[in-house]
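K.L.:
prediction below, plus the sequence it came from.
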Amino acid sequence: MTASQNPQPPPDWRDDEKLWEVLGLARPIEPSHGFVERTLRRLHNEPQPVPYPNRLWRWAWAGGLAFLCLAALVVYPQLERRHRAELYAATHQADYLEDFDVIAALHWMEDNP
Amino acid sequence: MTAYDPDAQLMVRVRNGDEEAFRELVERHHRSVIRIIHRAIGDAWEAEDLAQRAFLQIYRSAHRYRPSAKFTTWMYTIVNNLVRNEYRRLKRHPSASLENNPHAMHQPDRAPTSNPAHQVAVQELQHRIAAAIESLPPNQRMAVILARYEGLPYEEIAVVLGCTVPAVKSLLHRARETLRSRLQDYL
């Protein structure tokens, strides 16, 4: 069993040199055989993830579309309601005008018997 | 780093799609990457899988590497991010925790010894050290691994962990306290 790399402790470990030594007796770790070849093979076999800008655009499009749908769902009924209210008001306003015409005619007839 | 840094030169070639340069980078650094991840997560099989992912990320992010930055610092930062993601994944899926994983077995000590009692004692010590390191919070654990086993200066550890040098010293101070109490029998 050999001490691991970096045998000299930094200055702030001076009071813990024994701990430094003990940590150096940790189990040595070695890669398994053929790691490099497996990594290169994986590089060829694994599909390349979508590059970040493309991914960002895709999210932006999806977000924009979702916003438009939501806006349409919320705004369209409001517009429809407002249109009906305006139509109703316009109709009633026309009736009032007709009433005023009748009153004016009656006054004229009273003044001009 | 200067233009004479061999890793930086290799990365420039990797950026231009040179796979031979990538192979050379993997050859040069896979041992330290596997060591760091294995000590951080305690699982040999998972460590190699994560190390492969780290190298694939290095290859695919080569265009983002600036030769002015030291390559190993950049590489260790990628490794640290992957390890932190792995901690988060294990937290979300405790069933995948290392205790339940048959691959979580530590590699046996390969040092030749003729004394079985001594071998058992050595394995016991190694197990205690690994358990003590794994008991540390993520940042303390990574700071100890980089300082003790990879010999990184505190300035580089600070860049990898995204903190200041005093913060690294503080992390290591707290880690030493925990390790001292956990390895008391051997001190």
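P.N.:
Alright, I've got the coordinates. Residues are numbered from 1 along each chain as shown, chains lettered A, B, ... in the order given.

K.L.:
OK, contacts around A:F35?
P.N.:
By C-beta atoms under 8 Å, 6 or more residues apart in numbering or on different chains, A:F35 lies in contact with B:26, B:30, B:34, B:48, B:51-52. Glycine gets a C-beta too; all of them are placed from N, C-alpha and C.

K.L.:
where do the helices of chain B begin and end?
P.N.:
For chain B, helices defined by DSSP state H occupy the ranges B:6-15, B:19-41, B:44-60, B:71-92, B:116-134, B:138-144, B:154-161, B:165-182.

K.L.:
need the helices for chain A, in chain order.
P.N.:
Counting by DSSP H, chain A has helices at residues A:17-23, A:35-45, A:52-111.

K.L.:
the longest one vs chain B: in contact?
P.N.:
In other words, helix A:52-111. No. Applying C-beta under 8 Å from any C-beta of the partner chain, one finds helix A:52-111 out of contact with chain B, separated by at least 9.4 Å.

K.L.:
report the contact partners of A:L19.
P.N.:
Contacts of A:L19 were listed using C-beta under 8 Å, 6+ apart, and they are A:13, B:176, B:179-180, B:183, B:187.

K.L.:
who wins on neighbours among these?
P.N.:
B:L179 (25 neighbours; other C-beta atoms under 10 Å in any protein chain shown).

K.L.:
how far away is the nearest residue to that one once chain neighbours are set aside from B:R35?
P.N.:
Leaving aside its chain neighbours, B:L179 sits nearest to B:A132 (5.3 Å; criterion: C-beta to C-beta, 6 or more residues apart in numbering or on different chains). Distance, B:A132 to B:R35, by C-beta to C-beta, to the nearest Å: 17 Å.

K.L.:
also B:L82?
P.N.:
Separation of B:L82 from B:R35 (C-beta to C-beta): 14 Å.

K.L.:
for B:Y154, same thing?
P.N.:
In this view, B:Y154 and B:R35 are 19 Å apart by C-beta to C-beta.

K.L.:
cool, B:A167 as well?
P.N.:
Distance check for B:A167 against B:R35: by C-beta to C-beta, it reads 24 Å.

K.L.:
which one of these two has more residues nearby?
P.N.:
Using other C-beta under 10 Å as the criterion, B:A167 and B:R35 rank with B:R35 on top: 22 against 16.

K.L.:
next up, the contacts around the more buried one.
P.N.:
Per C-beta under 8 Å, 6+ apart, neighbours of B:R35: A:29, B:149-150.

K.L.:
ditto for A:H83
P.N.:
Contacts for A:H83 (C-beta under 8 Å, 6+ apart) come out as none.

K.L.:
burial measure for residue 40, as a count.
P.N.:
Assuming you mean chain A. A:L40 has 18 nearby residues by other C-beta under 10 Å.

K.L.:
can you look at chain B instead?
P.N.:
26.
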